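J.: sequence plus predicted model, see below.
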Amino acid sequence: MKTFIAALVLATTVITGFAAETAATVSPSVAKDSRCFEMRTYYAAPGKLEALNARFRDHTCALFKKHGMENIGYWIPNEKGSDNTLVYILAHKSREAAKKSWSDFVNDPEWKKAQKESEANGKLVEKAESVFLSATDYSPIK
């Protein structure tokens, strides 16, 4: 799984490196009129992965939807040494929509309350990574 995630991150870095903000520089292999995808990887604090999963299950997923983000999927890597990792993918209408959705989400009083309550015994996430993805013209999901 680590190899898969590393390959996906590398591939997305290459894709996003070629897919610029303007239409003039977009790779011909990038699907036109596709949503913008965001792959996020969270590294939970030791012993906090289940609390992080509970926060997503009970609060975060619904708040993402409320703020215009589509929950595509959530995964826990099976590889040894990845027992504190959560990987998920969201879809946005555009990169600009993603920026607005994230701003609205982090400023939502409901999110602030859920975060504060879930972190009463310490932070749940030590590190978070985000990679934006563009679907290829041959991708089954766009």
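T.: Right, received. Where do you want to start?
J.: centre-most residue in this protein?
T.: Geometric centre of the chain, nearest residue: Arg40, 3.1 Å, by Cα atoms, centre = their mean.
J.: from Lys80, how far out is the residue nearest to it when sequence neighbours are not counted?
T.: Distance criterion Cβ to Cβ, 6 or more residues apart in numbering; nearest residue to Arg40, sequence neighbours excluded, is Ser130 at 5.1 Å. Any C-beta I mention is one placed from the backbone N, CA and C, and that applies to glycine too. Using Cβ to Cβ, to the nearest Å, Ser130 is found at 25 Å from Lys80.
J.: same thing with Asp33?
T.: 41 Å.
J.: and for Phe56?
T.: On the measure of Cβ to Cβ, Phe56 and Lys80 end up 23 Å apart.
J.: do Glu119 as well
T.: 28 Å.
J.: where are the low-confidence patches of this structure?
T.: Under the criterion pLDDT under 70, the flagged ranges of the chain are 1-26.
J.: returning to that earlier point: which one's more surrounded, Ser130 and Lys80?
T.: Ser130 (12 against 8; other Cβ atoms under 10 Å).
J.: check contacts around that one.
T.: Ser130 makes contacts with Glu38, Met39, Arg40, as judged by Cβ atoms under 8 Å, 6 or more residues apart in numbering.
J.: from the residues you listed, which is closest to Ala114?
T.: Distances from Ala114 to the contacts of Ser130, taken as Cβ to Cβ, are shortest for Arg40 (17.1 Å).
J.: extract the CA atoms of the one helix or strand that closest one maps to and return them as CSV.
T.: Following DSSP states H and E, one finds Arg40 within strand 36-44. Taking C-alpha atoms only, strand 36-44 is exported to CSV below (Å, rounded to 0.1, in the frame of the first residue of the first chain):
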residue,chain,number,x,y,z
CYS,A,36,-10.9,18.8,-9.0
PHE,A,37,-9.8,16.0,-6.7
GLU,A,38,-7.9,16.4,-3.5
MET,A,39,-6.0,13.5,-1.9
ARG,A,40,-5.2,14.1,1.8
THR,A,41,-3.1,12.0,4.1
TYR,A,42,-3.3,12.4,7.8
TYR,A,43,-0.8,11.0,10.2
ALA,A,44,-2.5,10.6,13.6
